[in-house]
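Trainee: the sequence isn't on hand, but the structure is:
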């Protein structure tokens, strides 16, 4: 399911227009992104939690040449599924 399909499903369930549903989905994803940029955790009870994780700098290998390279530290996003989500997929 992509963003357009999600917006269409939200429109059907909420009985709103597809354009309005697309605005809602966009607003939700924008707010999750902004919260993670501020290093906040986003918890949706029953669904899961989004958290910003820090990755330390490390050594790696170029797979083509085998040369050792330095991989800089970076941030990534982690997701931990909530109990209800875990139960619904099992």
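Mentor: Arrived safely, thanks for sending. The structure displayed is predicted, hence computed values, not measured ones.
Trainee: mind listing what residue 74 touches?
Mentor: Contact partners of residue 74, counting by Cβ atoms under 8 Å, 6 or more residues apart in numbering, are 54, 55. In short, each C-beta sits where N, CA and C put it, glycine included.
Trainee: run the last query once more with 6 Å
Mentor: Residues in contact with residue 74 (Cβ atoms under 6 Å, 6 or more residues apart in numbering) are residue 55.
Trainee: run through the bridge partners of it.
Mentor: As for beta bridges, residue 74 partners with residue 55 under DSSP bridges.
Trainee: how many residues are close by the spatially closest residue to residue 53 that is not a sequence neighbour?
Mentor: Closest residue to residue 53 apart from its sequence neighbours, by Cβ to Cβ, 6 or more residues apart in numbering: residue 78 at 4.6 Å. Residue neighbour count, defined by other Cβ atoms under 10 Å, stands at 11 for residue 78.
Trainee: helix, strand or coil for residue 78?
Mentor: At residue 78 the chain is in strand, as set by DSSP: H, G, I helix; E, B strand; the rest coil.
Trainee: now it: how far from residue 23?
Mentor: Here residue 78 is placed at a distance of 27 Å from residue 23 (Cβ to Cβ, to the nearest Å).
Trainee: now do stretch 49-56: everything it contacts.
Mentor: The contact list for stretch 49-56, computed with Cβ under 6 Å, 6+ apart, reads 32, 36, 39, 41-43, 73-76, 78-80.
Trainee: regarding this protein, what is its longest helix?
Mentor: Identified as the longest helix of the chain according to DSSP state H is helix 18-37.
Trainee: and it, what does it pack against?
Mentor: The elements that helix 18-37 packs onto, with contact taken as 3 or more Cβ pairs under 6 Å, 6 or more residues apart in numbering; DSSP states H and E, are helix 3-14.
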